[in-house]
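Colleague: just a sequence and a predicted model for now, questions to come.
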Amino acid sequence: MVLDFNIYNKTLSRLTIILFSLLFFSNADAQDPYVQGGFGMGTYYMQRLKDFEHGATNGSAIRMENVENFEPYWSYVLKGGKILEKKEIGSNLSFSSTGSRSAYEDYSGYIYFDQIVYGLSIGPYMNFLLRQKANSTFYFGLAANFITSYYKIKESNRILDQEFSDVMGAWSIGGELGFNFSYRYDIHKFFVQPEAGLMINVANSVLRTIEENQKIFYYSGSDQKALKVNWSGIRAFVSVGYYLKSKE
């Protein structure tokens, strides 16, 4: 099966255009407009995907072992905003990914069951000034994001000289709210800003297959449940920024 990335690529393009439009209008005539980019680490709840994998692999005639279980993984963020009197407003675009694997291996070959999830989120944020001293500033921040997710299941095996692989793609949309604490240190027109906080998914649609656009369900015991992603978890980033005007 060949994956069709058109939906995901179109969504990425549209969200990128929206982000930079927001940056342009928010930075026009701002007191201290800035842009920043960085990377960090996130944890991700993904309980329904874990339950789905547990049921799928336990139902196999061969006992498979879960070797990766949606571990913390890298995230990347791009922001743009402006500084007001005692707060900041802006918009952000972030990309996250995580995954899991159940596996069985012996002398005759292997069997792998992989789940991979990519998330692209965009939305406004607001930082409230807590304390400022010389070149150092402490903030408490709030954020609200729209998130689109791309999900992939891959089953692969090799038994002696025979190999087999099958891939299915799906997508969903959702919303998330978050808060964080951050520290900014200014170095002339540049700054460094570490931050840490919590992101909570408040809404997620059911995953739909890309080719047939059908909702995906699974059984947990005798109950049928909708397969959904859940990006809730801890976020920690370090970013570098640049003031587009000289700070007053």
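Modeller: Alright, I've got the coordinates. Numbers count the residues shown, from 1 in each chain.

Colleague: how about residue 51, secondary structure?
Modeller: Here residue 51 is recorded as helix under DSSP: H, G, I helix; E, B strand; the rest coil.

Colleague: the closest residue to it other than its chain neighbours: neighbour count?
Modeller: In space, and not counting its chain neighbours, residue 51 is closest to residue 220: 5.4 Å by C-beta to C-beta, 6 or more residues apart in numbering. Backbone N, C-alpha and C define where each C-beta goes, glycine included. Close neighbours of residue 220, defined as other C-beta atoms under 10 Å, add up to 12.

Colleague: need the pLDDT of residue 220.
Modeller: Predicted confidence (pLDDT) for residue 220: 78.

Colleague: ditto for residue 161
Modeller: 84.

Colleague: how near is it to residue 72?
Modeller: 38 Å (C-beta to C-beta, to the nearest Å).

Colleague: could you do residue 166 as well?
Modeller: In terms of C-beta to C-beta, residue 166 sits 28 Å off from residue 72.

Colleague: so for those two, which residue has more residues nearby?
Modeller: Just comparing residue 166 and residue 72: by other C-beta under 10 Å the higher neighbour count belongs to residue 72, 14 against 10.

Colleague: which strand residues bridge residue 95?
Modeller: For residue 95, the beta-bridge partners under DSSP bridges are residue 76, residue 120.

Colleague: right, and the helix or strand after the helix or strand hosting residue 146?
Modeller: Secondary structure assignment for residue 146, by DSSP states H and E: strand 136-159. As assigned by DSSP H and E, the chain's next helix or strand after strand 136-159 is strand 162-187.

Colleague: center of this protein, which residue is that?
Modeller: residue 96 (3.1 Å; C-alpha atoms, centre = their mean).

Colleague: so what pairs up with the nearest residue to residue 244 once chain neighbours are set aside in the strands?
Modeller: Nearest residue to residue 244, sequence neighbours excluded (C-beta to C-beta, 6+ apart): residue 33, at 4.5 Å. Going by DSSP bridges, residue 33 is paired in beta bridges with residue 82.

Colleague: how far away is residue 33 from residue 72?
Modeller: According to C-beta to C-beta, residue 33 stands 33 Å off from residue 72.

Colleague: residue 43 reaches residue 233, doesn't it?
Modeller: Yes: assessed by C-beta atoms under 8 Å, residue 43 is found in contact with residue 233 at 3.7 Å.

Colleague: separation between residue 216 and residue 114?
Modeller: 16 Å.

Colleague: ok, residue 175 next?
Modeller: Distance, residue 175 to residue 114, using C-beta to C-beta: 27 Å.

Colleague: circling back to that earlier point, the residue nearest to the centre of the chain: what's it in contact with?
Modeller: 42, 44, 73, 75, 76, 118, 119, 121, 231 (C-beta atoms under 8 Å, 6 or more residues apart in numbering).

Colleague: between these, which sits nearest residue 197?
Modeller: Nearest to residue 197 among the contacts of residue 96, counting by C-beta to C-beta, is residue 42 at 10.4 Å.

Colleague: report pLDDT for the closest one.
Modeller: On the pLDDT scale, residue 42 gets 96.

Colleague: got it, and residue 109?
Modeller: On the pLDDT scale, residue 109 gets 91.

Colleague: please apply the same query to residue 6.
Modeller: The per-residue pLDDT reported for residue 6 equals 52.

Colleague: how about residue 128?
Modeller: pLDDT for residue 128: 97.

Colleague: name the residues of the strand or helix carrying it that are buried.
Modeller: Per DSSP H and E: residue 128 is located in strand 109-133. Residues of strand 109-133 classed as buried by neighbour count (16 or more other C-beta atoms under 10 Å): 111-123, 125-127.

Colleague: repeat for stretch 92-100
Modeller: Buried, per 16+ other C-beta under 10 Å, within stretch 92-100: 92, 93, 94, 96, 97, 98, 99, 100.
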